[in-house]
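Trainee: Sequence and predicted model, in that order:
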Amino acid sequence: MSFEALQAKVARAEDALEARERQVAADFRVFGGCWRETWSPPRVVIAGLAAGLLAGWAQPGRAIAGVQPARWLQLATSLAGLAGTLQAAFAASDAKDAAEDAGDAAAVASGQPPGKKVPADEAAAARAAAPTAPADAVATAPSGPAVPPSARRYVPDPSWDAPPRPAEAATEMSERR
C-alpha cells in the first residue's frame, strides 16, 4: 500500500471514530434523560424499601460487628469529602475548558487565530476599557499587584511567610492529639 493510501485509510478510520463518539454521546444523553424520567417518587420509595429489606435480611452488621460506630462516621465523612473533591476537580476542569473555548472564540471574533496569546499592550487596553468597580468594592479589594486567576496558583501565600500566631500554634498542637 502506498503512503497516500495509508493516510486515506487513517483519515477514514478517524472519521468513523468521531462519528461513533458522537453517536455514543447522543445515546448517553438519551439514556440519562430516560433514567431521570423513570425515577419517579413512588419508584424511589419502592427502591428504598427493597434496599432496606435486603440489607435487613443480609444483616451486614454481623459481618463487621467489631467496628465501632465512630469509625463508620469517620468513613462516611471522608467519603463525602472525597465526593466533594471529585466534583470540584471536574468543575475546575470544565471551567478551564470553557475558559479556553471562550478565549479561542474571542480570538476568532477579533480576527486572530485560536490559541494566539494577546500582546500585553492589547491586554492593558482591554482592562482600561473595562468598566470600573464601585467605590465600596475597591475599598475592600486586597492591596498588592493584580494577578490574573490563572497565575494565582504560582503566587506564594503571604500568610506562610510569618510564623503562626500563638492561638494558631495551640490549635495545631491540640489537633494532633
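Mentor: Happy to help now that I have it. If you're wondering where the values come from, they're calculated on a predicted model, not measured in any experiment.
Trainee: per-residue confidence for residue 138?
Mentor: For residue 138, the pLDDT comes out at 43.
Trainee: Residue 22 too?
Mentor: Taking residue 22 on its own, its pLDDT is 94.
Trainee: what's the answer for residue 176, then?
Mentor: On pLDDT, residue 176 comes in at 61.
Trainee: likewise residue 77?
Mentor: Predicted confidence (pLDDT) for residue 77: 88.
Trainee: May I have the secondary structure class of it?
Mentor: helix (DSSP: H, G, I helix; E, B strand; the rest coil).
Trainee: Now do it against residue 91, distance only.
Mentor: Distance from residue 77 to residue 91, counting by Cβ to Cβ, to the nearest Å: 21 Å. Heads up, the C-betas are built off the backbone N, CA and C, glycines and all.
Trainee: where does this protein have its least confident helix or strand?
Mentor: When the helices and strands of the chain are scored by mean pLDDT, DSSP states H and E, helix 135-140 comes last with a mean of 44.
Trainee: tally of neighbours for residue 104?
Mentor: 15 (other Cβ atoms under 10 Å).
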